[in-house]
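Asker: Sharing a sequence plus its predicted fold:
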Amino acid sequence: MLITEVAMPVSNLHQLDINRLIEHVLSTTTTIMSSASPPSSPLPPSDHHNNGATISSTSNENFESHLLQQKRWRRPTNNNNDNDSSFLTSKMLLRILGGMLFLWGLSSLYLGSYYHVQHQDFTTTVHKMQQNKDDFIRRGDKAKATATRTSDSTKQRTDIDNVAPSTIIHETEVFKSVIERVKRTEEQCNNVPEHHVDTLTKSLLPATDLPPLPEGGVAVALERWLNNHDNQRSSEEEATTNNDDDVYPTCYIPPPKSCDVSTYTLVIMSHTTERLEAFMDPLADMVNSWPGLNEIIIVWNSPRTTLTSVSDEKQRQYAIKLLSWDTDPNHPLRIFFSLEEGLANNLLNRYHPKIQPKNEAVFYFDDDGPFFSKEAMVDSGFEMWKRNSNVQVGAFPRNIRYLSKRMKDAGKKGLMESIDIVTNNVHGDSGATYPPFTPFCRNATGDHVEYNYFTFPDYNAHMLLPSGSILHRNYLCFIWHPAFEELRTWVVHHKTMPDDMTVSTLVSHLSGRAPRTVPQKISTFNTRRRLTEDSSEYYSDISANDAPIPNQSHRRLLWKNPNWAKWREEAINSILNYFGSIHPGTVGWCAGTKYSQDHHKHHYECKPEIPSLNMIPWLNEGVGFDHCPPNDRVTDIIKETEKQMQKIMEEDKMVSFCGECKYKNFISCTDRAKYLIEKYNNNPVEAKKNTIKDDENCKKK
């Protein structure tokens with residue numbers, strides 16, 4: 001029994017071999033004992049024999065037989081021969097028993113050693129698997145070391161530890177909700193009234209040779225994943241796989257609020273030294289002036305040699321500086337060489353979990369910008385993200401235009417409901433359910449949409465471009481989840497490589513909510529600029545501050561292609577068709593304030609386009625203010641700005657300005673001044689002075 005218990009952890013083959021060995025030893029022992037007895041009759045049962053050969057005879061019948069045999073053997077005989085025979089037999093039995101004990105000891109040592117080695121490997125595997133999983137949800141991992149924590153990161157807690165258990169959503173629940181949404185929209189599409197079917201006058205023709213994604217295909221992909229993988233598996237079950245690469249960590253939806261987060265990571269992806277100057281100069285300013293920026297990750301999608309062997313002298317100097325930043329332990333920048341990490345040149349690499357940002361909040365910029373200001377990204381945008389950390393937040397929104405009346409009506413209804421939810425949720429404790437997504441019925445009704453690349457709307461935007469966007473790092477796990485491999489493969493092969501459309505759409509379906517928009521620029525009323533500057537310097541400053549539409553570095557040549565708009569339109573239609581629906585649209589930053597203006601047909605927009613920090617509601621006791629504790633640093637900035645504005649208003653009274661007069665016989669001078677305030681970041685005094693300078697008729701006589 002003891003041997004069997006020790007051998008339990010060993011394979012059946014080892015058990016069989018050991019048991020056969022023991023049986024062989026016992027059989028040999030019995031044979032030897034039989035050969036040591038007289039051939040004609042049994043040995044007299046001495047005490048020695050009772051403990052050995054005859055110990056198995058325990059019945060009463062056998063016992064009486066032994067007593068009879070004892071009497072018979074007590075007749076006179078040669079005592080010396082009997083004693084010698086008994087002595088030899090006992091000695092042989094002792095040797096046999098000693099040999100058995102020796103063999104048993106050797107087998108125990110062998111089995112114990114084997115079990116120890118096997119158990120040690122198993123424990124190590126469990127540890128590695130668990131660490132592989134925790135790396136995707138743990139704060140403070142330094143990506144340069146695979147399993148080593150820096151002294152700064154040892155104090156960091158996991159993302160899950162930072163939030164209440166009720167806000168932690170496992171990937172299985174998220175996937176099921178996406179599947180249910182697809183099924184609901186499919187049912188709605190199949191029951192659309194006849195008068196809403198095939199009502200579009202514009203047809204969507206294929207723009208590329210790439211087949212579209214299947215309608216509702218995301219549900220099929222997620223169901224396949226859930227059927228083939230038990231996402232509730234324990235860490236012990238995960239450890240049964242010897243290949244760490246085969247185990248993808250479990251993903252979790254971020255919490256709705258992350259008020260305690262005070263630092264962030266900035267990610268820029270590039271692949272050529274031609275653009276080093278474009279992003280390194282802004283980065284140098286950010287490192288010195290952006291509070292909370294403690295990590296910068298450059299995702300480099302080219303070989304390392306593109307930085308170490310540069311022919312152009314100016315580019316070479318920037319490359320040398322970039323590499324020096326990477327090796328400087330005191331600099332927050334590090335380079336992630338995608339190819340060296342086993343990744344192909346892919347636009348989605350900036351969202352790959354392998355980059356391992358140490359902060360929950362991840363800022364994104366394209367390598368050629370635009371790079372928005374600290375006031376827009378940190379003072380305003382970061383504070384918005386803290387209050388909405390489970391959605392994508394950004395300053396570069398795009399709108400998708402609906403063509404069918406059914407989608408227009410459904411989208412308008414959903415947007416109005418979203419606005420009501422946001423404006424009524426003053427204290428951040430609303431349990432309101434967000435409105436359903438608008439069904440996209442390509443097969444049932446012939447639905448398709450247009451990609452609007454002319455405006456950057458605060459309201460009713462449906463996606464965000466990467467520059468100026470903020471995303472919780474938990475979503476990186478989802479973006480590269482094996483369940484979405486079909487989607488990623490399609491993105492890589494499409495001519496526009498629509499990673500921006502894909503990320504915005506995917507995150508909105510995972511969270512069940514639309515993104516949130518923030519202003520691209522924040523007005524400081526130019527209080528740092530002297531009011532006596534002449535207009536030529538002023539207008540030169542305007543052109544420098546005005547944020548242009550970027551060429552988008554990785555799509556620069558595509559932008560110039562005459563088919564670019566058709567390709568992008570094909571891409572958004574295919575992606576929406578894959579998910580089967582689209583969220584109701586973004587709610588503008590000005591919702592619930594006097595700066596939200598309702599134009600014809602419920603077309604909302606925020607005015608002014610360039611607000612000051614004291615106009616942002618979540619910074620000034622408006623909508624969202626109570627969702628998180630106020631940021632004292634931002635509050636001090638707002639107070640200082642208000643003091644400066646008071647001085648400006650006093651000076652404004654001294655300006656002789658004729659507001660009702662005509663500016664260049666076209667509009668009123670007041671309208672012209674307002675235009676300069678809203679469009680070119682003038683303060684009121686500057687706007688009036690510049691209006692008078694352009695047209696003396698605006699000066700009060």
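Answerer: Nice, I can see it.
Asker: so where is the stretch 601-701 of the chain shaky, pLDDT-wise?
Answerer: Within the stretch 601-701 of the chain, the segments meeting pLDDT under 70 span 601-602.
Asker: Could I get the full set of strands for it?
Answerer: 603-606, 662-663, 667-668 (DSSP state E, counting those that start in this stretch).
Asker: Could you dump the ones you listed into a markdown table with mean neighbour count and distance to Ser380 added?
Answerer: The C-beta positions use only the backbone N, C-alpha and C, and glycine is treated the same way. Conversion of the strands of the stretch 601-701 of the chain to a markdown table gives the following (neighbours: other CB atoms under 10 Å; distance: least, CB to CB, whole Å):
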| stretch | mean neighbour count | distance to Ser380 |
| --- | --- | --- |
| strand 603-606 | 17 | 12 |
| strand 662-663 | 18 | 32 |
| strand 667-668 | 14 | 31 |
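Asker: closest one to Val492 among those?
Answerer: Checking the strands of the stretch 601-701 of the chain against Val492 by CB to CB gives strand 603-606 as the closest, at 36.0 Å.
Asker: who touches that closest one?
Answerer: 419, 457-460, 519, 588-590, 595-599 (CB atoms under 8 Å, 6 or more residues apart in numbering).
Asker: Just the ones of the residues you listed in helices?
Answerer: Ile419 (DSSP state H).
Asker: Closest one to Ser302 out of the contacts of strand 603-606, please.
Answerer: The closest of the contacts of strand 603-606, once distances to Ser302 are taken by CB to CB, is Pro519, at 34.4 Å.
Asker: check contacts around that closest one.
Answerer: Ala376, Ser380, Ala395, Asp458, Trp589, Cys606, Glu609, Ile610, Pro611, Ile616.
Asker: In the protein, where is pLDDT below threshold?
Answerer: Looking at the chain by pLDDT under 70, you get 1-91, 104, 106-167, 230-246, 426-431, 525-560, 599-602.
Asker: what about the residue nearest to Cys259 when sequence neighbours are not counted, distance to Leu619?
Answerer: Counting by CB to CB, 6 or more residues apart in numbering, Cys259 lies nearest to Cys628, which is 3.7 Å off, once chain neighbours are set aside. Distance of Cys628 to Leu619, given as CB to CB, to the nearest Å: 11 Å.
Asker: And those two? Which one has more around it.
Answerer: Taking neighbours as other CB atoms under 10 Å, Cys628 and Leu619 compare with Leu619 leading, 21 against 17.
Asker: can you pull the contacts of the residue nearest to Val197 when sequence neighbours are not counted?
Answerer: Excluding its sequence neighbours, the residue lying closest to Val197 (CB to CB, 6+ apart) is Thr445, at 4.9 Å. By CB under 8 Å, 6+ apart, Thr445 lies in contact with Cys189, Val192, His196, Val197, Asp198, Thr199, Ser404, Arg406.
Asker: one step back: relative to Lys688, which of the strands of the stretch 601-701 of the chain is closest?
Answerer: Among the strands of the stretch 601-701 of the chain, strand 662-663 sits nearest to Lys688 (CB to CB), with 11.3 Å.
Asker: That closest one: partners in the sheet, and parallel or antiparallel?
Answerer: Here strand 662-663 is paired, per DSSP bridges, with strand 667-668 (antiparallel).
Asker: what residues does the partner strand touch?
Answerer: Gly659, Glu660, Cys661, Lys662.
Asker: Would you reformat the residues you listed as CSV and include distance to Leu210?
Answerer: Below are the contacts of strand 667-668 laid out as CSV (distance: CB to CB, whole Å):
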residue, distance to Leu210
Gly659, 57
Glu660, 59
Cys661, 59
Lys662, 56
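Asker: my read: Leu510 touches Ile169, true?
Answerer: No: judged on CB atoms under 8 Å, Leu510 makes no contact with Ile169 at a distance of 9.1 Å.
Asker: The two: who's more crowded?
Answerer: Leu510 (24 against 18).
Asker: Pretty sure the more buried one sits in a strand.
Answerer: No: under DSSP: H, G, I helix; E, B strand; the rest coil, Leu510 sits outside any strand and is assigned helix.
Asker: With His481 as the reference, measure out to it.
Answerer: Leu510 is 10 Å from His481, by CB to CB.
Asker: And for Pro256?
Answerer: From Pro256 to His481 the distance is 21 Å (CB to CB).
Asker: Have a look at those two and say which one is more surrounded.
Answerer: His481 (23 against 16).
Asker: burial count for the spatially closest residue to the more buried one that is not a sequence neighbour?
Answerer: Closest residue to His481 apart from its sequence neighbours, by CB to CB, 6+ apart: Cys251 at 6.0 Å. Burial measure for Cys251: 25 neighbouring residues, criterion other CB under 10 Å.
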